[in-house]
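**Q** my questions are about this predicted structure, shown below with the sequence.
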Amino acid sequence: MKKYGIPTAAYEVFTDMEKALAYVKTAPMPAVVKADGLALGKGVVIAETHEEAEKSVRSMMEDKVFGESGARVVIEEFLEGPEVSILSFTDGKTVVPMVSSMDHKRALDGDKGLNTGGMGTVAPNPYYTDEIAKQCMKTIFIPTMNAMNAEGRTFRGCLYFGLMLTTRGPKVIEYNCRFGDPETQVVLPLLESDLVDIMFATRNGTLAETPVHFSDGAACCVILASGGYPAKYEKGFEITMPERMPENTQVFVAGAKLEDGKLLTNGGRVLGVTATAAKLPAAIDAAYKSVELVHFDNAFYRKDIGQRALKAYKKEA
Ligand code: GLY
């Protein structure tokens, strides 16, 4: 991103502790201090003050609290703003963004609790206006595709842009070379074109001539997780649900397995219930009504999926 001028958090990488300490003395706070290696998701500190940043650098580089992961430390600008997930199709010549979506990453209501893979989603994302979409196409999507080509690594398929809409414009937080989970569960139900045609087009370089239409409606997906997730949780509870779910509702089974004809939980995020409707409030209501029809012991789910999006729509009105 730095090499190709794609907007992301400003950052510097250090292997020399004295240089890292000198940098954090004057870096704008808050700043993000990261051990540049695997640290079981724990090697990231958001330092509010210069003292805190200095302490984090010392604990990573001098005291090696994250072992060798702390040999290289990344000090990054702290970004703030609504997050948007944009899944896109690309054949290396054209990028076609799918309908925008909003993930809910924390385990508990009110965006509290531990980070998870995602506890629910809505689409579209109200923060992602047409104007922001145009800006992202120009400053992020096309430059990313061009950068991949320039690196000799043409990307064909589904490219996921994790964006933050900051006061200084949209910035990339992450890329994934895959669909998002549970973003896909709200994005693809709104796709009106044939997904297989689009997949062939991404492979054959004919995406520009291939129709990719999304409905004007909305979707909401609520994840049912097993008690304890994302920390310790048990497996093997029987899952029951009606043979037919209400209209415009789908159940996407994920962390489960079939054993002797019974569907048993086999993961933390067990399944997602998606509902589509003309407008978001109806999609949220329908998803929650359907969630009530699915049962397994120790199941839990967030009760506020979509509320952040509804608030954003109200602010807009
Ligand atoms: N829901 C976030 C992801 O798929 O990475």
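**A** Happy to help now that I have it.
**Q** when you work out contacts or count neighbours from here on, use the C-alpha atoms and nothing else.
**A** Will do.
**Q** count the neighbours of residue 148 for me.
**A** Counted with other Cα atoms under 10 Å, residues neighbouring residue 148 total 15.
**Q** quote the end-to-end distance of stretch 80-95.
**A** End-to-end distance for stretch 80-95, by Cα to Cα, to the nearest Å: 26 Å.
**Q** which pLDDT does the model give whichever residue of the stretch 1-150 of the chain sits closest to the ligand?
**A** The nearest approach of the stretch 1-150 of the chain to the ligand comes at residue 118, 4.9 Å away (Cα to the nearest ligand atom). Residue 118 is assigned a predicted lDDT (pLDDT) of 95.
**Q** got a list of what it touches?
**A** The contact partners of residue 118, taken as Cα atoms under 8 Å, 6 or more residues apart in numbering, are 103-107, 181-182, 223.
**Q** what do you get for residue 194?
**A** Residues counted as contacts of residue 194 (Cα under 8 Å, 6+ apart) are residue 212.
**Q** rewinding a little: ok, and of the contacts of residue 118, which contact the ligand?
**A** Counting by Cα under 6 Å from any ligand atom, 181-182 from the contacts of residue 118 sit close to the ligand.
**Q** let's have the contacts of residue 118 in TSV, adding secondary structure and neighbour count.
**A** As requested, these are exported to TSV (DSSP: H, G, I helix; E, B strand; the rest coil; neighbours: other Cα atoms under 10 Å):
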residue	secondary structure	neighbour count
103	strand	23
104	coil	27
105	coil	18
106	strand	19
107	strand	23
181	coil	15
182	coil	28
223	strand	27
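**Q** surely the residue of the stretch 1-150 of the chain closest to the ligand is in a helix?
**A** No. Residue 118 sits outside any helix when classified using DSSP: H, G, I helix; E, B strand; the rest coil, being coil.
**Q** tell me the bridge partners for the closest residue to residue 158 other than its chain neighbours.
**A** Excluding its sequence neighbours, the residue lying closest to residue 158 (Cα to Cα, 6 or more residues apart in numbering) is residue 89, at 4.8 Å. Beta bridges link residue 89 to residue 96, residue 158, judged by DSSP bridges.
**Q** contacts only, for whichever residue of the stretch 151-300 of the chain sits closest to the ligand.
**A** Closest residue of the stretch 151-300 of the chain to the ligand, Cα to the nearest ligand atom: residue 180 (3.3 Å). Counting by Cα under 8 Å, 6+ apart, residue 180 touches 87, 160.
**Q** SS state for it?
**A** Applying three-state DSSP: residue 180 is coil.
**Q** could you do residue 142 as well?
**A** Following three-state DSSP, we place residue 142 in the helix state.
**Q** relative to residue 124, how far out is it?
**A** From residue 142 to residue 124 the distance is 21 Å (Cα to Cα).
**Q** neighbour count for the two, which is higher?
**A** residue 124 (27 against 19).
**Q** surely the more buried one is in contact with residue 87?
**A** No. In this structure, residue 124 is not within contact of residue 87 by Cα atoms under 8 Å, at 11.7 Å.
**Q** overlap in contacts, these two.
**A** What both residue 124 and residue 87 touch, as defined by Cα under 8 Å, 6+ apart, is the set 99-100.
**Q** who in the stretch 151-300 of the chain is up against the ligand?
**A** Listed as neighbours of the ligand in the stretch 151-300 of the chain under the rule Cα under 6 Å from any ligand atom: 180-183.
**Q** in stretch 260-278, what's buried?
**A** With burial defined by 16 or more other Cα atoms under 10 Å, the residues of stretch 260-278 counted as buried are 263-277.
**Q** what ranges do the helices span in the stretch 1-150 of the chain?
**A** For the stretch 1-150 of the chain, applying DSSP state H, counting those that start in this stretch gives helices covering 17-26, 50-61, 130-136, 142-150.
**Q** ranking the ones you listed by burial, who's on top?
**A** When these are scored by mean count of other Cα atoms under 10 Å, the highest mean neighbour count falls to helix 50-61 (a mean of 20).
**Q** give me the packing partners of it, helices and strands only.
**A** Under the contact criterion of 3 or more Cα pairs under 8 Å, 6 or more residues apart in numbering; DSSP states H and E, helix 50-61 touches helix 17-26, strand 31-35, strand 44-47, strand 73-77.
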